[in-house]
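[1] Got a sequence here, can you build the structure:
(chains A, B and C)
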Amino acid sequence: MKDRMLTYFAKRIIQVPLIVFIVVTMGFIILKLAPGDPVAHFAGEGASPEYLEMIRRAYGLDKPILEQYMTYITGIFTGNWGYSPSFERPVLTVIMERLPLTLILSLAAFILALPLGVLLGMTAALKRGSLIDSFIRSFATFFNAIPAFIIGLLLLFTFSVNMRLLPIGGFQTIGVTYTSILDRVIDILQHIILPATSLMLIWMVDYTRVTRNRFIEALLSDYTRAAVSRGIKWRRILFKHVLRNSILPVVTLAGVQVGYMLGGVILTETVFSWPGIGMLIVQAVSYRDYPLLMGVLFISSLWVSITNIVIDIIYMILDPRVRLQ
Amino acid sequence: MLRVEELDVVYKTGGAFIKAVEDAWLRINANECVGLIGESGSGKSTIANAILRVLPENAKITRGRILFKDRNLLELTEEEMREVRGKMISIVFQEPHSSLNPVLKIGDQILETLKSHQPNLTTEEAKRKAIELLEAVRIPDAQKILDRYPFQLSGGMAQRVAIALALSSNPSLLIADEPTSALDLTIQAQLVKLLTKLIDTFKFSILLITHDLSLVTNLANRVYVMYMGSIVEEDHVDNLLNNPLHPYTTMLINAVKRLQGTASPSNSIPELKRIRGLSACKFSPRCPLAKPICSKEAPPYVEISTNKKVRCWLYT
Amino acid sequence: MRIRLNKRFIIQSAALAFLFFLGFFSSIICPRDPLKPGYSPGLTPPSPTFPMGTDQLGRDVFSWVLCGIRVAFYVGVTATLLCFAIALIVGAIAGFYGGIIDQILMRLTDLMMSIPRFVLIVVFAILFGSNINNLILIIGGLSWPRLARVIRGEVLSLKEREFVLSAKVIGCSDLDILFSEILPNTIPTILPLLSLQMAHSVIDEVGISFLGFGDPEVPSWGRLIALGRAAIFAGGWWVLIWPCIVCAIFLLLINLLADTLNDILNPRTQG
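    Numbering: from 1, shown residues only, chains lettered A, B, ... in the order given. Down below sits the predicted model:
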């Protein structure tokens, strides 16, 4: 049984480079096929043909396509992800600079969203039919409908512009020297709170809905009734039986959310000028910075694939039925 | 030991109120096996759930007393009720797999039940007791089963586990709600044998709820017949089979005898037509012996002799 | 299949229909050309002449918001139809025929789902041109995987049901079975998802326009909101708030309708 699990995961792990490979290849093809000349776009108007040719040579774009492709592919696996013309630094460096910031933001939102969402769902389920339940459900419907960036904009407007309580964007205040680490942390916190809240509100309600439904199902199920009939304490039934059976779709949902983290934050990062991968994508697209785009594509698909595998592992641990079939 | 008196249970579905149980009277003594037979929807399970107060949320007990060893269970607090459940009265449900938590190991579930009523039990002691229980219900390889999950067990095995769970804290009364209806006939027979043996070993009473007359004849001493929420007859098993009083009981037994080829030539049970809210004998629309009074007034539940009661205008 | 005339359903559909007509007749009702600057010297607050004020270039916010309704409906409906068409073909074929076709199609679906969709949409928008119809093609063309999965799942489970088997026994052709037996029974699950997809498509377009990659000739709410973001620092709250409110109402209505549809078509036994 154990080695069946191992072979399953071995297969999945092998698939990752394959998927990423295909994605990168497709990206390469699409970028090549797309109309417009990135070099011309980058060089700006009025650039002389010699200048353009120079740039082309510098980026190896004058070589035959297949050669470009091979160079790129081998480069990806050796850490050379190309050179970003708009940032004038290697793509890998740029991405690695920005990635942690997105992760910090997303993680901050996620860590609050999941438990709060589940808690709200549980409360709504336990008090179903009551006013609290209706309130929670309306709350969930509202934040499910409105995109994160609009929430972010409204928050920004209220707290930063109107009330001047919080900074209007960025990661930390520019040009300030910190007297202590605490000051720095507080500064960052002030900057992160609004974007993280917008993301959290949107993510949270996904869990609320799912948890509420599954929880109600579990509450009304036969095994819960049977457990009560055996005289087991209600508290224990709630957590050991009902919650345990409701948690699985939450895990799947968490996986989906984490997987789409890199792409889902683009708009929010833009609203708050948060210098993460999201803003990076926007910049890359604006400048037709193809190498950077390819790099982003690569890391996005890598992230999604790895997340999916991790979620599968967690799911297997939690659901014996999957494990032993 | 257990006395149900004047019990009414009302369900609320989609705005309408339905009386699932009306004026129910039951009595179960120590070391007795009592059957409760009736068609689906007659309210048998409702009575079972009412006794342990595990009715669904939309059901309410609107009248009556449930006296267990002279304590009215309906007056107990939830905490006191918790003491009763599992330890003094237990229930085994119809669907073996749905009464077990699918994501917990069998062993964990048994241990949990044991420790709820005996918190001072150590894990090793509890484990030993669990294995004892599983062996008592004739489950082979008890040690291995502890680590299995419910979906890995067959229906029959799962039901045995359910029975083991129900008996784990030595209750005085076991309510078996259609314990064999979801299982094959061969398993049914095995389970009947098992239950008989268990009664000998553990010395408890059983309230056997079923629609299967043969099950009752094999296990029970006395029997209650239920129709559409009301108890219509009560008697010793042999008496009932040979000498049914209520027209419904007669038809029921006749129907079974017909299957066995020993029936008397009379008509089959006619089609069910629902009557709403009339305070009349509920069986009158289908009763071949109905009199005018039957559709006007509900007959009282009267005692004919010891342990023999009937609810019918024919005998009042 | 009867849609019970539910009070909620009527109210919500009526509200949405009202918005739809506003959008439909927007070119007639619209007091001014939304994209034409210069109706006022610059940022002016709401007043009787400009019920929602004007933006930094003197464009009438009210007209923009109003005409934006039509854009939203246009994008929402057409992108969803496109998405549905593709998802239907892929999902139905994969589910019905199974085997190698199913494997290939599902691998393709998985592949598409392994890249964050919005990233792709933005990239494609830039690469292939951002006029509104292109955007619709891109959004519809990249949103089908999830729906296709659901359709496939439904077809798979319905395929084994008895009424399908009996149709086969009678001798109905595969296509017949698919269209008259299986697909109609997927409607209860699919319909709410389609409404949600409409909301998502609108959100995608608003997002793209907000980032500046949308169609410059079209009065999309996204672009106005982007202007609003700049305007709030100069005190021009109306440029941001009005489109946000109307957009939010629009999206809320669609979501509520999707929920109501779901409740009607897939009634839960308890809860």
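[2] rest of the way, CA atoms for contacts and neighbours
    Will do.
[3] Need the pLDDT of residue B:114.
    In the predicted model, residue B:114 carries a pLDDT score of 88.
[4] That one and residue B:167 touch, don't they?
    No: Residue B:114 sits out of contact with residue B:167 when judged by CA atoms under 8 Å, with a separation of 9.9 Å.
[5] How many residues are close by the closest residue to chain A within the stretch 151-300 of chain B?
    Proximity to chain A, evaluated over the stretch 151-300 of chain B using CA to the nearest CA, is greatest for residue B:166 at 6.8 Å. Neighbour count for residue B:166, taken as other CA atoms under 10 Å in any protein chain shown: 28.
[6] correct me, but it touches residue B:172?
    No: when contacts are counted by CA under 8 Å, residue B:166 is not listed as touching residue B:172 (10.8 Å).
[7] where do the strands sit along the stretch 51-200 of chain B?
    Along the stretch 51-200 of chain B, the stretches classed as strands by DSSP state E, counting those that start in this stretch are B:59-68, B:71-72, B:89-92, B:173-177.
[8] Please name every helix or strand in contact with the helix or strand hosting residue A:184.
    Using DSSP states H and E, residue A:184 sits in helix A:181-219. Secondary-structure packing of helix A:181-219 (3 or more CA pairs under 8 Å, 6 or more residues apart in numbering or on different chains; DSSP states H and E): helix A:91-126, helix A:131-145, helix A:148-155, helix A:244-259, helix A:266-271.
[9] For chain B, which of these is the nearest?
    It is, among the helices and strands packed on helix A:181-219 and with distance given as CA to the nearest CA, helix A:244-259, at 7.0 Å.
[10] Enumerate the residues of chain A near chain B.
    A:220-233, A:241, A:244-245, A:318-321 (CA under 8 Å from any CA of the partner chain).
[11] Now, of the residues you listed, which are buried?
    For the residues of chain A next to chain B, a burial check counting by 16 or more other CA atoms under 10 Å in any protein chain shown picks out A:220, A:222-233, A:241, A:244-245, A:318-320.
[12] Out of those, which sit inside helices?
    A:222, A:223, A:224, A:225, A:226, A:227, A:228, A:229, A:244, A:245, A:318, A:320 (DSSP state H).
[13] Show me the shaky parts of the stretch 51-200 of chain A.
    A:175 (pLDDT under 70).
[14] Taking it, what residue is nearest to chain B?
    Chain B sits closest to residue A:128 of the stretch 51-200 of chain A, with a gap of 11.4 Å, by CA to the nearest CA.
[15] So what's the residue count around that residue?
    So residue A:128, with other CA under 10 Å, has 16 neighbours.
[16] Dihedrals phi and psi, it?
    phi -60, psi 140 (degrees, to the nearest 10).
[17] secondary structure class for residue A:35?
    State at residue A:35, reduced to three classes by DSSP: H, G, I helix; E, B strand; the rest coil: coil.
[18] Touching, residue C:210 and residue C:228? I think so.
    No: the criterion here is CA under 8 Å, and residue C:210 misses it with residue C:228 at 9.9 Å.
[19] Which one's more surrounded, these two?
    residue C:228 (27 against 24).
[20] for residue B:226, what are its contacts?
    When contacts are counted by CA atoms under 8 Å, 6 or more residues apart in numbering or on different chains, residue B:226 touches B:36, B:37, B:38, B:39, B:42, B:43, B:44, B:232, B:233.
[21] Quick check: which element contains the last one?
    So the one you mean is residue B:233. Counting by DSSP H and E, residue B:233 is found in strand B:230-236.
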